[in-house]
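Colleague: The following block contains a protein sequence and its predicted model.
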There are 4 protein chains.
Amino acid sequence: MALGFAAANSRAGEAIRVAGRDITLLGPDDVRLDRADVIFSALPHGASIRWVEAARAAGARVVDLSADLRPGNGAPTEGSLAAAPYGLTELMRPELAGADVVANPGCYPTAILIALAPLLQRGLVAPGATINVAAASGVTGAGNSPKPELLFGEVTENYRAYGVGNEHRHINEMRAMIARMGGDMGGDADIIFTPHLLPVARGILATITVPVTEKLVTPLSLWRETYANEPFVEVAETTPSLRDVVHRNVVRVSAVHAANVRQPTLIITSAIDNLVKGAAGQAIQNANVLFGIAETTGLPA
Amino acid sequence: MALGFAAANSRAGEAIRVAGRDITLLGPDDVRLDRADVIFSALPHGASIRWVEAARAAGARVVDLSADLRPGNGAPTEGSLAAAPYGLTELMRPELAGADVVANPGCYPTAILIALAPLLQRGLVAPGATINVAAASGVTGAGNSPKPELLFGEVTENYRAYGVGNEHRHINEMRAMIARMGGDMGGDADIIFTPHLLPVARGILATITVPVTEKLVTPLSLWRETYANEPFVEVAETTPSLRDVVHRNVVRVSAVHAANVRQPTLIITSAIDNLVKGAAGQAIQNANVLFGIAETTGLPA
Amino acid sequence: MALGFAAANSRAGEAIRVAGRDITLLGPDDVRLDRADVIFSALPHGASIRWVEAARAAGARVVDLSADLRPGNGAPTEGSLAAAPYGLTELMRPELAGADVVANPGCYPTAILIALAPLLQRGLVAPGATINVAAASGVTGAGNSPKPELLFGEVTENYRAYGVGNEHRHINEMRAMIARMGGDMGGDADIIFTPHLLPVARGILATITVPVTEKLVTPLSLWRETYANEPFVEVAETTPSLRDVVHRNVVRVSAVHAANVRQPTLIITSAIDNLVKGAAGQAIQNANVLFGIAETTGLPA
Amino acid sequence: MALGFAAANSRAGEAIRVAGRDITLLGPDDVRLDRADVIFSALPHGASIRWVEAARAAGARVVDLSADLRPGNGAPTEGSLAAAPYGLTELMRPELAGADVVANPGCYPTAILIALAPLLQRGLVAPGATINVAAASGVTGAGNSPKPELLFGEVTENYRAYGVGNEHRHINEMRAMIARMGGDMGGDADIIFTPHLLPVARGILATITVPVTEKLVTPLSLWRETYANEPFVEVAETTPSLRDVVHRNVVRVSAVHAANVRQPTLIITSAIDNLVKGAAGQAIQNANVLFGIAETTGLPA
């Protein structure tokens, strides 16, 4: 498979270099959706769904990187797009194989749900628990539009929380998936999610505190079993850093029990590159699954 | 009051410039403790206490920046140093006035305890609660010894947790003060504390999640009342950033309720400069109290 | 003297905090020029001169931070503004005392001309020489408008030259002053100036290579003599770094001969904070001179 | 070809991961030089030459990344190592083919000599000229030993020159190669080289000012012709930035004439990744030439 074309709004007509080829960005009117096997839509939330529909009508499969089709975000409940599976690849392969449209996950949910799944699937989250997530992201998580608060002079030597009080739009996506994965045992867990802006270009680290039903003797073995054959999940003895994951399509995760607390509680740390496993890399991984080719094709492990 | 001398081990003999004066750092043997009204001891943990004793024997008052005399760290339980108050100035003034020795708080505890005190003092922390703290510090929090993991090439564009699982040595100091301030109502709260290393030179931000007994209509008013007359505590409508506090002797704090959770929970964010309010600035603030002079003397607000 | 008002275009109506006071930024129409003793105009180049004229007509003195009145930039050759002296304070005091309008220098020229003056004034620049300047500036030198190339994600871990080939608009200002200061002996020197963009918020470092008429035994003594009584010029044994000067109203300069070259050549390094000595600080310094008050008033040395 | 082993002194016994394989670093005594086809020696300057000799005695070819065999650094003038060619690959292929030992160039000389060669080879450097180089490097150029001046807290938001006055040890290497490449026409050029330390992890940018014999109508065509078929030299219309070259084995170079100067002068900007084309990448490129395999094998273009 090869890149057919790339399109943009404000940058239409601009030349870019992709994988050794010179490409001119097309404007929306010049796009030939009917000539593509698969379309990757990275349009803003709200603006993506009608292009997904147009691409489907033209016969292309679609990986949608917007939130429009993700759970918890008002995705269509009827019509063909209602069936679009959630593309957290490692956890959704049965639904992805053969699908025509995939809702590619958000960056924070990718890091956090991969970390939580082994506990949720086994019913190990304490009943009525509140899962606490403090996460931090590099500035590319906020896009590349020139906003004053993203200028170098504002970000360097600075750090702050944002969306404090459960105001970030990724909350619903995570809550919906926690309910689905946890079912009757843990699916009612509350989540408190506080993201922070880091003075780095790329990378997300999530620090997740989860009250659990019992103290585990070797907590890491849970993640090791769940992800034993996964090329893109690394289970690590030591807490991951951004440097371990940038420019790679992996989630790197570790977990330990908190000492000196009454309620058994795990601290899970999970790191990804928000631009790779948190966006474009996972999109390619999903496209590979859609077409039944090797999942690692074209991806940096 | 004026600087009498400054001493160092490995850098003894080196010339430095302090407040417009050229000073030569003395070696330990050349120090005349008897000529000082007050000694600021910034020796390593474990190495400080005997110098505190020597300074007291020589007639000087002491602000000890090590952990040796802090609660929860094996401080002496008898002898004159057993009575050394904990120098979280805003909360301990009655004990500080007239004291001879002060245990200057750690940097993380300063940011976190100032943030928690209004809830603890009013019994608003939910019974049996676990207080969750995710905090991040600039590299100067780790001292200025040349360790490989603190090299620019390792820290830039990186971010990671450390001491994960309640392993940081500041835990005991915080736990002891939570018990003291909370008493029967909230003093039994567990704390889970996960620090992170930021790619910035200075500053600490703590993001604190506290289950509370009830939903508060105007949570900030609690902090506004507690710190109404404090020159060095800022209560802010919006979440503080490191930039708001670096080079200043302040704690800046904000608080909101988490949306969409069953258990009423406050998210408090608290920022300080670890080198000022978290260390040298608070030490001067405490010395000012010891000598009964204006508490803001010599300090950047 | 106290701040009367502050004005802005796009940010008019916004509240800012200045020196402990809350100020609301006025729009251009609400400004009362007649109520001010002195106006600091920081308008864009080209847009400033008519406000300077309006302020003069209203009776205020003016420090103009734009290039409009600087030498080599098409400043008026007749009318009252033609006489506006160039506010490189240390070198222009006789012309500044009693002036009504001052052309505040550019940031790069401040660092470079203070460094060159001792050689030019003594005729030590080699006849027909080319002075080579490689300089680097933090991003605030490019203003705070949100341009894509100034986003954190573009600037971090990056570095590049700009205006290569003598295209920077500060060239003319420097060339005019070199001619004026050098006169018949060195005033014909060519200059090649290559600025670079640093991944730092603030600060300028200029590395200046000057062919000289003879090898000097103790080159630093030239600068020491010239600036012996200057509170805002530091002559240093070792090459200055940005850290030595940020947040301070100083030029810090050092000089050594290049080893192993036929033509005697000095390498001068000169550092300033572009926002202080390179802009607002020098503007206040100039205002102090205009009003005959102590030149250091209100300035961080 | 595959990695046989990797050795270290202080880190012997440590496990590292290289290209998907887990490797344990050997100590010097456990190394089997006789089992290797080629040894890459990255030992400190002065300590490398005896290992080069030992490896040769054991029958291995050697790419020596130290300065011990480079021109201008006291390389042996007799014995087999006296014939070791200088591995600036693009300019030295005839000497490299079939050699047993290669002196891999320094990082700064790689960026600077590739930039200068087209002028030197054609005799276009003005007679008696002084070539002025202001260069800047990321901190990995200073190695990874933990020195105080390389700590994050010292380097962030800072910038300074070092080795000012032609004191850097790369000077001799460049001077020797300028003489060799320039011969009678330009080989007597003086060079003034001032390196600077950038707050970035990796990358070198050199800004080179060269007086030339005449004004060239299309200066870039010189570099385009010289490097027309080179996979690892990019000739660019616009001035290169570090971002263009990091993680790649390329030199990216551009050149323009300085405006408004009497002496025709070119400003050449040249960028490399000091860890790739400036060290390990060029070492592999040279090994590829030694063994007569495709020069791009294993290298990121």
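Modeller: That came in fine, so what should we check first?
Colleague: When you work out contacts or count neighbours from here on, use the C-alpha atoms and nothing else.
Modeller: Will do.
Colleague: so what does the helix ranked longest in chain A touch, helix or strand wise?
Modeller: Once chain A is assigned using DSSP state H, the helix that runs over the most residues is helix A:107-121. Judged by 3 or more Cα pairs under 8 Å, 6 or more residues apart in numbering or on different chains; DSSP states H and E, the packing partners of helix A:107-121 are helix A:171-182, strand A:204-211, helix A:220-226, strand A:251-257, strand A:265-272.
Colleague: hmm, who's touching it?
Modeller: A:88, A:91, A:125, A:135, A:141, A:170, A:173-174, A:177-178, A:181-182, A:185-187, A:204-206, A:208, A:222-223, A:226, A:251, A:253, A:268-272, A:274-275, A:277-279 (Cα atoms under 8 Å, 6 or more residues apart in numbering or on different chains).
Colleague: For chain C, tell me whether the helix or strand following that helix is touching it.
Modeller: Later in the chain than helix A:107-121, the nearest helix or strand by DSSP states H and E is strand A:130-137. No - contact of strand A:130-137 with chain C (Cα under 8 Å from any Cα of the partner chain) is absent, the minimum separation being 12.1 Å.
Colleague: now for strand A:130-137, which elements pack on it?
Modeller: The contact analysis (3+ Cα pairs under 8 Å, 6+ apart) places strand A:130-137 against strand A:190-197, strand A:204-211.
Colleague: Relative to chain C, which of those strands is closest?
Modeller: Closest to chain C of the helices and strands packed on strand A:130-137, according to Cα to the nearest Cα: strand A:190-197, at 11.5 Å.
Colleague: just how off-centre is the closest one within its chain?
Modeller: Distance of strand A:190-197 from the chain centroid (Cα atoms, centre = their mean, to the nearest Å) equals 15 Å.
Colleague: Run the angle between it and strand B:204-211 for me.
Modeller: 170 degrees (axes from the mean of the first three to the mean of the last three Cα atoms, to 10 degrees).
Colleague: Direction included, what does strand A:190-197 pair against?
Modeller: As defined by DSSP bridges, the strand partners of strand A:190-197 come to strand A:130-137 (parallel), strand A:160-161 (antiparallel).
Colleague: Mean pLDDT and distance to residue A:212 added to these, as CSV?
Modeller: Formatted as CSV, those follow (pLDDT from 0 to 100; distance: least, Cα to Cα, whole Å):
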stretch, mean pLDDT, distance to residue A:212
strand A:130-137, 98, 10
strand A:160-161, 98, 27
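Colleague: between those, which gets nearest to residue C:16?
Modeller: strand A:160-161 (19.7 Å; Cα to Cα).
Colleague: Need the contact partners of that closest one.
Modeller: With Cα under 8 Å, 6+ apart as the test, strand A:160-161 has contacts from A:194, A:195, A:196, A:197, A:198, B:205, B:207, B:239, B:240, B:241, B:242, B:269.
Colleague: follow-up on the earlier one: how far away from the center of its chain is the longest helix of chain A?
Modeller: Relative to its parent chain, helix A:107-121 has a centroid offset of 10 Å by Cα atoms, centre = their mean.
Colleague: relative to strand A:190-197, how tilted is it?
Modeller: Taking the same axes, to 10 degrees, one finds that helix A:107-121 is oriented at 150 degrees with respect to strand A:190-197.
Colleague: Alpha carbons only: can I get helix A:107-121 in CSV?
Modeller: Below are the C-alpha coordinates for helix A:107-121, written out as CSV (Å, rounded to 0.1, in the frame of the first residue of the first chain):
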residue,chain,number,x,y,z
CYS,A,107,-4.2,10.0,23.2
TYR,A,108,-4.9,10.0,26.9
PRO,A,109,-7.4,7.2,26.8
THR,A,110,-4.9,5.0,24.9
ALA,A,111,-2.3,5.3,27.7
ILE,A,112,-4.9,4.9,30.4
LEU,A,113,-7.1,2.2,29.2
ILE,A,114,-4.3,-0.1,28.2
ALA,A,115,-3.0,0.3,31.7
LEU,A,116,-6.4,-0.3,33.3
ALA,A,117,-7.7,-3.2,31.2
PRO,A,118,-6.0,-6.1,33.0
LEU,A,119,-7.6,-5.0,36.3
LEU,A,120,-11.0,-4.3,34.8
GLN,A,121,-11.2,-7.5,32.9
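Colleague: will you turn the contacts of strand A:160-161 into TSV that also has pLDDT and neighbour count?
Modeller: TSV is the format used below for the contacts of strand A:160-161 (pLDDT from 0 to 100; neighbours: other Cα atoms under 10 Å in any protein chain shown):
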residue	pLDDT	neighbour count
A:194	98	26
A:195	98	23
A:196	98	21
A:197	98	22
A:198	98	29
B:205	98	33
B:207	98	29
B:239	97	21
B:240	98	25
B:241	98	23
B:242	98	23
B:269	98	29
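Colleague: Identify the farthest-apart pair in those.
Modeller: Checking the contacts of strand A:160-161 with Cα to Cα, the most distant pair is A:194 and B:242, at 16.4 Å.
Colleague: Just the buried residues from the contacts of helix A:107-121, in ChimeraX please.
Modeller: To isolate the buried ones among the contacts of helix A:107-121 in ChimeraX, judged by 16 or more other Cα atoms under 10 Å in any protein chain shown, type:
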select /A:88,91,125,135,141,170,173,174,177,178,181,182,185,186,187,204,205,206,208,222,223,226,251,253,268,269,270,271,272,274,275,277,278,279
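Colleague: For chain A, what lies in contact range of chain C?
Modeller: A:139-140, A:144-148, A:150-153, A:155-156, A:199-201.
Colleague: mind redoing it with 6 Å?
Modeller: Contact residues (Cα under 6 Å from any Cα of the partner chain) of chain A with chain C: A:146, A:147, A:148, A:150, A:151, A:152, A:153, A:201.
Colleague: Enumerate every residue touching the second one.
Modeller: Which is residue A:147. Listed by Cα atoms under 6 Å, 6 or more residues apart in numbering or on different chains, the contact partners of residue A:147 are residue C:146.
Colleague: Look up how far chain D lies from it.
Modeller: Here residue A:147 is placed at a distance of 21 Å from chain D (Cα to the nearest Cα, to the nearest Å).
Colleague: before we move on, back to that, identify the farthest-apart pair in the residues of chain A next to chain C.
Modeller: Using Cα to Cα, the residues of chain A next to chain C reach their maximum pairwise distance at A:148 and A:201, which is 15.8 Å.
Colleague: In terms of packing, which of the two has more residues around it?
Modeller: Higher neighbour count among residue A:148 and residue A:201: residue A:201, with 21 against 16, using other Cα atoms under 10 Å in any protein chain shown.
Colleague: Quick check: which element contains the more buried one?
Modeller: Counting by DSSP H and E, residue A:201 is found in no helix or strand.
Colleague: what sits against it?
Modeller: With contact taken as Cα under 6 Å, 6+ apart, residue A:201 is in contact with A:138, A:139, A:140, C:153.
Colleague: How about residue A:232?
Modeller: Counting by Cα under 6 Å, 6+ apart, residue A:232 makes contact with residue A:250.
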